[in-house]
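> sequence and predicted structure, then a few things I'm wondering about:
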Amino acid sequence: MRNKTLALLTGAFLCGASLSQAAATVTIVNNDGPGVGFNDPTPALPVGGNDGTTLGQQRLNAFEFAARKWGATLTSVPTIRIRANWQALACNAGSAVLGAAGATSVWRNFAGAPRVNTWYGAALANALSGAALDPGTPEILARFNIDLGKPGCLTGTFFYLGLDNNAGSSVDLVAVLLHELGHGLGFQTFTNGSNGAQLLGFPSVYDHFLLDSSLNKTWVNMTNAERAASAIRTGGLAWSGPIVNDAAINVLTPAPGLNVTAPSSVAGRYFVGTASFGPALNTTGVTAQVMPVVDQADGRTGLACTTLSAVNRVAVAGKIALVDRGTCTFNVKAQNVQAAGAVGMLVVDNVAGTGVPPGLGGIDPLVTIPSVRILQSDGNALKAALVTRSRTSSPVVATLGIDLLLRQGMNRNGKMLMYAPNPFQGGSSVSHFDTSASRNQLMEPSINADLTHEVKPPQDLTYKLLQELGWQ
């Protein structure tokens, strides 16, 4: 049975465009009034393979292009119907909501449902059941910002209506459409991320794959409070499904990392934040013992903000120097440990964090050694292992460089990171890939200029996540 209507726009269905593909049929239902949106008669010159002669027709052509892409990718016997219109959405002179889309209804315990007592968006529920569960209602609702580029709404930046992925400084409408339709097809949770409450007490199918690395629990096994905390645990919320994570290895680029090989108590791969000064990390890397700078009264902290003492110079010569964040700029620390003969620098953050550490800012042509930031917890673990060091020798051995076994956008356990900023961002948090992904992914919370119009590997992971939910 139908359980919950999530979104509804009133108004007549003015026209429909049916797109038949080998895998699915997608129908765009025009919900705009006369002279508005898809029906705007303003003359337009053909652009980037879009041969519409009015603004409205070009908009519809772009929708049809995106729908054909998804129709050729997915398998569904029932037609996928997208009710779409153009309207004013939130924006100001410097930023704008480009569009929004989602399931019009959610379903559970229907014939063919792979999981019991679990919510599925309408389009996926229809595909799994083999029949339209609500023939009178489109499965996806899509709205796009009609004011984009006008004064006061991301002023001067307009949608590019071409189909050739050549938007330049404009916003590629096709990429935005592929993104928003991805949400409507299932790339979203129906659980309230801000308070952790499940819809009518039941989880979304999406929630079965949301894994909190701190708790080692998926969202379906958490309390409301645990889910709310997980939704703002930056770098700690990941996707557990093997379809996405296996594919991500060949889609995402290798990440900068610190590979500690000894001692066994701290051995492992650590993410690092790279510096904007000094040499770039490479796949060869710098391998050396790690030795701390100690120049503070507590006997454990080293700020390296002044010329190193004779004891510290002897300790870090030929080593990767471990220093603490604070008091002076990062490049000054790098200059001081470099002058003492260090071959690299690790800066331990002075605030708690998770995931990928921020980078080190600054410009300094005098720095010639690689420098990175590591998480406070990782730094504390290394310091504990360094208690047994001598004045000139360290038990901690590591390689600092590009780690071919780490990926930008995954955690150190090989799980795709999900977007979990603090504070919570309604409409963005949880229902997107994390912004640390590289190459950039279609389902990150913002549209990046280097996106292609692809939704599959080797460029993109969106289809892989939809497969995880049950799409074929």
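The structure has been received and is ready for your questions.

> only C-alpha atoms for contact and neighbour calcs from this point on.
Will do.

> domains in this structure, by residue range?
As recorded under automatic domain parsing, the domains making up the chain are 2-186, 254-407.

> show me where the protein has helices.
Secondary structure of the chain (DSSP state H): helices at 55-73, 122-129, 173-185, 224-230, 242-251, 310-316, 330-339, 376-385, 462-469.

> tell me the helices and strands packed up against the first one.
Okay, so that is helix 55-73. Contact analysis of helix 55-73 by 3 or more Cα pairs under 8 Å, 6 or more residues apart in numbering; DSSP states H and E lists strand 15-20, strand 25-30, helix 173-185 as its packing neighbours.

> now render the domains of the chain as a markdown table, adding distance to Pro421.
Putting the domains of the chain into a markdown table (distance: least, Cα to Cα, whole Å) gives the following:
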| stretch | distance to Pro421 |
| --- | --- |
| domain 2-186 | 18 |
| domain 254-407 | 11 |
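
> mind telling me which of those the model trusts least?
Among the domains of the chain, domain 2-186 carries the lowest mean pLDDT, a mean of 90.

> partners of the longest strand seen in the chain, with directions?
Of all the segments of type strand in the chain, defined by DSSP state E, the longest one is strand 397-407. Taking DSSP bridges as the criterion, strand 397-407 forms sheet pairs with strand 254-262 (antiparallel), strand 286-292 (antiparallel).

> contacts for that strand, please.
Outside strand 397-407, the residues that touch it by Cα atoms under 8 Å, 6 or more residues apart in numbering are 249, 252-263, 269, 281-290, 344, 412, 414.

> please identify the buried residues of that strand?
Neighbour counts over strand 397-407 (16 or more other Cα atoms under 10 Å) mark Val397, Ala398, Thr399, Leu400, Gly401, Ile402, Asp403, Leu406, Arg407 as buried.

> can I get these in TSV with distance to Val430?
Below are the buried residues of strand 397-407 laid out as TSV (distance: Cα to Cα, whole Å):
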residue	distance to Val430
Val397	37
Ala398	34
Thr399	33
Leu400	31
Gly401	30
Ile402	28
Asp403	27
Leu406	22
Arg407	20
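
> ok so, going back, Arg439: which of the strands paired with strand 397-407 is closest?
Nearest to Arg439 among those is strand 254-262 (9.7 Å), distances taken as Cα to Cα.

> if I look at Lys456, how far off is Thr73?
To Thr73, Lys456 is 9 Å away according to Cα to Cα, to the nearest Å.

> which neighbours do those two share?
The contact lists of Lys456 and Thr73 share Tyr463, where a contact means Cα under 8 Å, 6+ apart.

> thinking again about what came up before, which one of the helices of the chain lies closest to Asn39?
Taking the helices of the chain one by one with Cα to Cα, helix 55-73 is closest: 4.8 Å.

> what's the angle between that closest one and helix 462-469?
50 degrees (axes from the mean of the first three to the mean of the last three Cα atoms, to 10 degrees).

> okay, buried residues for helix 55-73 please.
Under the neighbour-count criterion of 16+ other Cα under 10 Å, helix 55-73 has 55-73 buried.

> beta partners for the nearest residue to Val260 once chain neighbours are set aside?
Leaving aside its chain neighbours, Val260 sits nearest to Ala398 (4.1 Å; criterion: Cα to Cα, 6 or more residues apart in numbering). When bridges are called by DSSP bridges, Ala398 pairs up with Val260, Ala288.

> ok, Ala398 to Asn145 distance?
Going from Ala398 to Asn145 by Cα to Cα gives 50 Å.

> next: Leu451.
Following Cα to Cα, the distance that separates Leu451 from Asn145 is 20 Å.

> with Asp378 instead?
Applying Cα to Cα to Asp378 and Asn145 gives a distance of 44 Å.

> the two: who's more crowded?
Using other Cα atoms under 10 Å as the criterion, Asp378 and Asn145 rank with Asn145 on top: 21 against 18.

> enumerate every residue touching Arg439.
By Cα under 8 Å, 6+ apart, the contact set of Arg439 is Val251, Leu252, Thr253, Gln408, Gln459.

> among those residues, name the buried ones.
Val251, Leu252, Thr253, Gln408, Gln459.

> farthest pair within those?
Maximum pairwise distance in the buried ones among the contacts of Arg439, criterion Cα to Cα, is 14.0 Å, between Gln408 and Gln459.

> isn't Ile80 right up against Val26?
Yes - with contact defined as Cα atoms under 8 Å, Ile80 reaches Val26; the gap is 4.7 Å.

> do you know how far Leu386 is from Gly156?
56 Å.

> the more surrounded of those two?
Leu386 (18 against 13).

> I'd assumed Pro395 was in contact with that one.
Yes - with contact defined as Cα under 8 Å, Leu386 reaches Pro395; the gap is 6.6 Å.

> ok now stretch 158-173, how far from the chain's centre?
22 Å (Cα atoms, centre = their mean, to the nearest Å).

> list the buried residues for that stretch?
Within stretch 158-173, the residues scored as buried using 16+ other Cα under 10 Å are Phe158, Phe159, Tyr160, Leu161, Gly162, Leu163, Asn165, Asn166, Ala167, Val171, Asp172, Leu173.

> quick one, what contacts the third one?
Spelled out, it's Tyr160. Applying Cα under 8 Å, 6+ apart, the residues near Tyr160 are Ala167, Ser170, Val171, Asp172, Leu173.

> how about Gln87: what's its closest non-neighbour residue?
That would be Ile146: by Cα to Cα, 6+ apart, it lies 5.0 Å from Gln87.

> from Ala123, how far out is the one you found?
26 Å.

> which of these two has more neighbours?
Taking neighbours as other Cα under 10 Å, Ile146 and Ala123 compare with Ala123 leading, 28 against 19.

> ok, the more buried one - contacts?
For Ala123, the contacting residues are Ile80, Ala103, Glu139, Ile140, Gly184, Leu185, Gly186, by Cα under 8 Å, 6+ apart.

> can you check Asp40 too?
The neighbours of Asp40, taking Cα under 8 Å, 6+ apart as the test, are Pro34, Thr54, Leu55, Gly56, Gln57.

> do that again at 10 Å, thanks
Asp32, Gly33, Pro34, Thr54, Leu55, Gly56, Gln57, Gln58, Arg59 (Cα atoms under 10 Å, 6 or more residues apart in numbering).

> could you check how far Val272 is from Lys319?
Val272 sits at a distance of 18 Å from Lys319 (criterion: Cα to Cα).

> returning to what we had before: dump the buried residues of stretch 158-173 into a markdown table; add distance to Asp349 as well.
Output for the buried residues of stretch 158-173, formatted as a markdown table (distance: Cα to Cα, whole Å):
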| residue | distance to Asp349 |
| --- | --- |
| Phe158 | 40 |
| Phe159 | 41 |
| Tyr160 | 42 |
| Leu161 | 45 |
| Gly162 | 45 |
| Leu163 | 45 |
| Asn165 | 40 |
| Asn166 | 40 |
| Ala167 | 39 |
| Val171 | 36 |
| Asp172 | 38 |
| Leu173 | 40 |
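
> so which of these are in strands?
Phe159, Tyr160, Val171, Asp172.

> quick check, nearest of the residues you listed to Asn350?
Distance ranking of those against Asn350, using Cα to Cα, places Val171 first at 38.5 Å.
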